[in-house]
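Participant: Quick one: sequence and predicted model below, then my questions.
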Amino acid sequence: MEIEQQYLDAVQLLKKLISTPSFSREEDNTAEIISSFFEERGIPFERSGNNIWAFSKNYDPTLPSIWLNSHHDTVKPNAGYTFDPFTPVEIEGKLHGLGSNDAGGPLVCLIAAFCHFYNQNLPFNLIMIASAEEEISGSNGIASLIQQIPACDLAIVGEPTLMDLAVAEKGLLVIDAKSYGKAGHAAREEGVNALYLALDDLVKIRDFKFKRESEFLGKTKVSATVIQAGKQHNVVPDVCDFTLDVRVTDAYSLEEALAELKSSLSSELTPRSMRLQSSHVPKGHLILQVAKELKLKTYGSPTLSDQALIPYPSVKIGPGDSARSHTADEFIYLNEIQKGISGYIQLLETYKKLIKSA
């Protein structure tokens, strides 16, 4: 009966979230909805910006902590929607609406699991975090909470994964590259063409293979995505700017990937940010034993999430399908919400059992 009520509460909360625009940096109103949800259940919570978090009732600072984290911001709806993206619509077992799948479904299921365990005496603390600005990896999202919330032994990040367990996630490194030549008149074959210097490096990038591979994520990949040089047809360009998109596996830190590229290329390489690190669960971590006992499929995720900004061991798991994220007429199956709640509860129950038996 309790699980059924949790499911009904989760669906109702999700419908409220769908009905309330919450673009990144504009999540004030959904933060209020989540706050009200906790208030109605007598659960104390804290708020920083548009981030909301709550501690399990019997919080004990001497025990390890588990973060339950998902986000309540969304991207903007694309032009392909055939109905109002802010009107939750149930059709043939699906709940349609912007953010229903990414990541409203995982968020409300994590909140339901948190409420299920809220009053229990556990061998670990639970900290529920509804974060902002995930879609833009913003500085006022989960990154702003690292110094405000106690560290964790494990973060469970709610994202649509079909309830498979992502134990590694690719990081992102965007590099501004610049090759320098010497300006001259094109007709007299003067100067040193920065475009050609860049071309030498671009050929290397096309064929570039990083030395190390990841067990779960395979190869780190670099792609050239933007290029700009010259302003006049008759002037040899003295500077060529181009952009590199590097998807970094857990075999590398961003710093290591950058160093390997610098050792092979002649152009000047300047990273835009070193924040979005790859992640992986350390070998021997208890969550891997949990996955084995529950026969969860484990994999490496190519998509970014708040994992990239959490400096603790983390996994990504949740109801819904990543393939539906950011698509027109986004939806989640209602039975996926049921399975999400029971799946999170089962995962934490198994974690509790293994800690007690250790």
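Facilitator: The structure has been received and is ready for your questions.

Participant: Give me the residue at the spatial middle of this structure.
Facilitator: Centroid check for the chain by CA atoms, centre = their mean gives Ser305 as the closest residue, at 0.4 Å.

Participant: any idea which element the closest residue to that one other than its chain neighbours lies in?
Facilitator: Spatially, and ignoring its direct neighbours in sequence, Ser305 is nearest to Glu159 (5.1 Å; CB to CB, 6 or more residues apart in numbering). For glycine as for every other residue, the C-beta is placed from the backbone atoms N, C-alpha and C. Assigned by DSSP states H and E, Glu159 belongs to no helix or strand.

Participant: Could you verify my assumption that the residue nearest to the centre of the chain touches Pro160?
Facilitator: No - in this structure, Ser305 is not within contact of Pro160 by CB atoms under 8 Å, at 10.2 Å.

Participant: mind listing what the residue nearest to the centre of the chain touches?
Facilitator: 134, 157, 159, 169, 316 (CB atoms under 8 Å, 6 or more residues apart in numbering).

Participant: and if you look at Phe86?
Facilitator: Phe86 makes contacts with 18-21, 97-98, as judged by CB under 8 Å, 6+ apart.

Participant: switch the cut-off to 7 Å
Facilitator: 18-19, 21, 97-98 (CB atoms under 7 Å, 6 or more residues apart in numbering).

Participant: For it, give its distance to Ile337.
Facilitator: 19 Å (CB to CB, to the nearest Å).

Participant: which residues does the residue nearest to Lys16 when sequence neighbours are not counted contact?
Facilitator: Spatial nearest neighbour of Lys16, chain neighbours left out: Ile33 (5.1 Å); criterion: CB to CB, 6+ apart. Taking CB under 7 Å, 6+ apart, we find Ile33 in contact with 16-17, 20.

Participant: neighbour-wise, which of those leads?
Facilitator: Among the contacts of Ile33, Leu17 has the most neighbours (other CB atoms under 10 Å), with 27 neighbours.

Participant: residues contacting that one?
Facilitator: Counted by CB under 7 Å, 6+ apart, Leu17 has contacts 30, 33, 72, 99, 104.
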